[in-house]
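[1] Sequence first, predicted model second:
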Amino acid sequence: MRHATVSTDVMPILSPGRHRSPRRGACFMEFASYLAGERWSDHPACTHGTLAHMARLVNDLTRDAGRARLTPLIPTVIGLTSDDPLLDVLLAVRAASAAVPIAAEERQRSQAVGLRVAISVLAERDDPRAADAIESARAALRTAPAADAWAAGFIERIGPLRRPGMNVQQCRDIVTGAVDGIARACVADADDRLVALLTDAVSDTARFVGAAPAEAVPAPADLPVAR
């Protein structure tokens, strides 16, 4: 597996969606698969699944100018993997906390429900990372008191969960709603917020797994690049 940063001499031109080969372009995770020495894919094994899910969403929902700013992050996701389910919850909280203050009301409500459930799950973990995420979640909820109140009422109405906790799919659903909510929010800096979200999520994951920095390699010759 390559652990690499993108050469500053040739930078890949990222585009949305999946691509069958480098000649047709590349999304964020496809280029990560190349740098990691894996088979060309937007679901490479080199990156934690929920982080990769967020990266694909951010890649697809940013505009071209915003997407170009993601390029330096590509190599930093290589090797960021963990089997600890706490990481999925932390990434969901990171995403929802970024979305709740600015998302449309219906999106705020679903994200507030996710944050409240995450708080209950994290409260069961005796881990400073969980405690930090709880505070972030509560801070986000304070920015949207109406959505928080609605979420509290909704959770009370449906009663206790039959399966306590949060599974991977639930965490990724929260991330999906958060990224889409930020992209569609009535703000002038949606791209900035999406880039910042992925940057923060990569940093969170790197700290979680204790990853080391990577070395530089050029972009593949058959990938569209900006020079």
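    Done, it's in.
[2] Could you give the number of residues near Thr71?
    Here the count is done by other CB atoms under 10 Å, and Thr71 has 18 residues near it. Just so you know, the C-beta spots here come from the backbone N, C-alpha and C atoms, and that holds for glycine as well.
[3] Equivalent analysis for the one 4 residues further on, please.
    Neighbour count for Pro75, taken as other CB under 10 Å: 22.
[4] Then Ala152?
    Using other CB under 10 Å: Ala152 sits among 14 other residues.
[5] Quick check: Val195 vs Gly114, distance?
    According to CB to CB, to the nearest Å, Val195 and Gly114 sit 22 Å apart.
[6] swap in Ala206?
    23 Å.
[7] How about Ala130?
    From Ala130 to Gly114 the distance is 16 Å (CB to CB).
[8] More neighbours: those two, which one.
    Using other CB under 10 Å as the criterion, Ala130 and Gly114 rank with Gly114 on top: 27 against 19.
[9] got the CA coordinates for stretch 132-140 in PDB?
    Extracted in PDB, the C-alpha atoms of stretch 132-140 (Å, rounded to 0.1, in the frame of the first residue of the first chain):
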ATOM      1  CA  ASP A 132     -15.700  15.700  23.600                       C
ATOM      2  CA  ALA A 133     -18.200  14.500  20.900                       C
ATOM      3  CA  ILE A 134     -21.100  14.800  23.400                       C
ATOM      4  CA  GLU A 135     -20.200  18.400  24.100                       C
ATOM      5  CA  SER A 136     -20.000  19.100  20.400                       C
ATOM      6  CA  ALA A 137     -23.400  17.600  19.800                       C
ATOM      7  CA  ARG A 138     -25.000  19.600  22.700                       C
ATOM      8  CA  ALA A 139     -23.400  22.800  21.400                       C
ATOM      9  CA  ALA A 140     -24.900  22.100  17.900                       C
END
